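*Asks:* build the 3D model from these lines:
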Amino acid sequence: MMSGQPEHKQNQDQLQDYLSHHRNSAGSSSTADPRITEPSQPARRLLRGIRDTLLNHLDTDSQHTPLGGVGVFHCRQAQALRNVPIHQPLIVLVVSGRKIIALGERRIEVLPGELLLLPGGASVEVGNHPDHQGRPYLGLAMAFSQECIAQFRRSYGSEIPADTQPLWNVSAPMDLVAAMAQWVEWCIRHPVDPTLARHRQVEILMLLARTGVAGNLLLDREASWHARVAQLITLDPARDWSAGEVCRRLGIGESTLRRRLSEEGIGFREVLEESRMVAALALLQETFWPVGQIAEAVGYSSHSRFSERFKRRFGLSPIELKKTRVSDEEQ
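*Replies:* Residues are numbered from 1 along each chain as shown. Predicted structure coming up:
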């Protein structure tokens with residue numbers, strides 16, 4: 001780490017540099033990687049299949065639970081979310097609609113059949129938009145833990161091309177779209193086993209590495225302490241976490257952890273709240289649970305306090321976010 005600079009700040013600077021060097025000649029704020037092409041006909045069929053499967057799953061039944069193994073993001077009206085933290089390296093496959101990731105005045109636009117690849121440690125503005133034909137926005141997200149990436153490096157490091165570069169937005173390889181479609185079907189039919197999920201993540205990394213687009217996911221650096229604490233809390237956000245318990249699980253002294261977090265510009269209570277808000281955001285995107293149930297699932301006994309913190313974090317309330325999940329006619 002250079003000059004003690006917090007890792008999440010380095011990642012923000014890296015994203016700034018990437019966007020600055022990929023603005024088109026007309027001065028537009030959008031970016032596009034030269035590898036991006038229109039999805040092939042087979043890829044479009046797979047995307048339609050994923051879309052139909054997800055829409056059948058994402059009905060308004062308040063009893064449905066998240067899939068597990070893959071994150072689903074869905075809206076029928078535009079969503080705008082600010083200050084969304086990315087704790088782990090992450091891919092998003094846009095199935096329908098479009099996603100915009102913004103940093104300052106610049107943006108990356110991701111269309112159906114394209115992948116967004118984000119390194120851990122970034123914090124971004126997110127826009128999710130239905131398409132002009134009225135089809136909802138649907139995106140699939142898969143995060144990669146440091147353990148998963150370390151396992152991949154140990155077993156398949158030779159699969160990483162020497163010229164791999166950090167790419168942020170590329171056309172999704174056909175075999176990756178097929179693998180994601182199969183995984184969605186599996187997650188709908190079966191409870192997800194964590195070991196099986198990790199093997200699928202390693203498979204996805206393999207597919208990306210072989211096509212030379214996994215650079216942002218495989219950047220050779222250790223996870224920040226901010227990210228390590230957040231990943232632990234996210235496993236059970238409703239738990240009454242204390243700094244002492246987190247330290248015992250991470251094998252570090254409490255004073256050392258507080259010093260490390262302070263060096264990264266954040267405190268334990270901030271990481272705890274941030275992690276719970278991210279977990280709540282995922283539940284609001286994939287389920288139709290009542291807001292009170294979501295608040296309790298992420299560790300808040302006061303629904304009003306939860307809603308206040310959520311809006312302060314992301315710029316809209318849980319109720320406002322839920323309204324984007326349904327059409328005007330359904331409200």
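
*Asks:* show me the strands in the stretch 151-300 of the chain, by range?
*Replies:* For the stretch 151-300 of the chain, applying DSSP state E, counting those that start in this stretch gives strands covering 169-171.

*Asks:* in it, where is pLDDT below threshold?
*Replies:* 162-164, 220-221 (pLDDT under 70).

*Asks:* buried set for stretch 246-253?
*Replies:* 246, 247, 252 (16 or more other CB atoms under 10 Å). The way it works is simple: take the backbone N, C-alpha and C, and place the C-beta from them, glycine included.

*Asks:* now do that stretch: distance to the chain's middle.
*Replies:* Relative to its parent chain, stretch 246-253 has a centroid offset of 26 Å by CA atoms, centre = their mean, to the nearest Å.

*Asks:* other residues contacting that stretch?
*Replies:* Contacts to stretch 246-253, defined as CB atoms under 8 Å, 6 or more residues apart in numbering, come from residues 228, 229, 232, 233, 254, 256, 257, 260, 268.

*Asks:* so which of these is the most crowded?
*Replies:* residue 229 (28 neighbours; other CB atoms under 10 Å).

*Asks:* residues contacting that residue?
*Replies:* By CB under 8 Å, 6+ apart, the neighbours of residue 229 are 246, 250, 257, 261, 268, 271, 275.

*Asks:* and which of these is nearest residue 185?
*Replies:* residue 275 (29.5 Å; CB to CB).

*Asks:* if I look at that closest one, how far off is residue 230?
*Replies:* 5 Å (CB to CB, to the nearest Å).

*Asks:* what is in contact with these two at once?
*Replies:* In contact with both residue 275 and residue 230: residue 87, using CB under 8 Å, 6+ apart.

*Asks:* from the contacts of residue 229, which is closest to residue 97?
*Replies:* residue 275 (27.2 Å).

*Asks:* so the closest one makes contact with residue 238?
*Replies:* No - with contact defined as CB atoms under 8 Å, residue 275 does not count as touching residue 238 (11.3 Å).

*Asks:* give me the more crowded residue out of these two.
*Replies:* Taking neighbours as other CB under 10 Å, residue 275 and residue 238 compare with residue 275 leading, 24 against 13.

*Asks:* which residues does that one contact?
*Replies:* Contacts of residue 275 (CB under 8 Å, 6+ apart): 87, 229, 230, 233, 234, 237.

*Asks:* out of the buried residues of stretch 246-253, who's nearest residue 310?
*Replies:* residue 246 (22.4 Å).

*Asks:* state the distance from the closest one to residue 260.
*Replies:* In this view, residue 246 and residue 260 are 12 Å apart by CB to CB.
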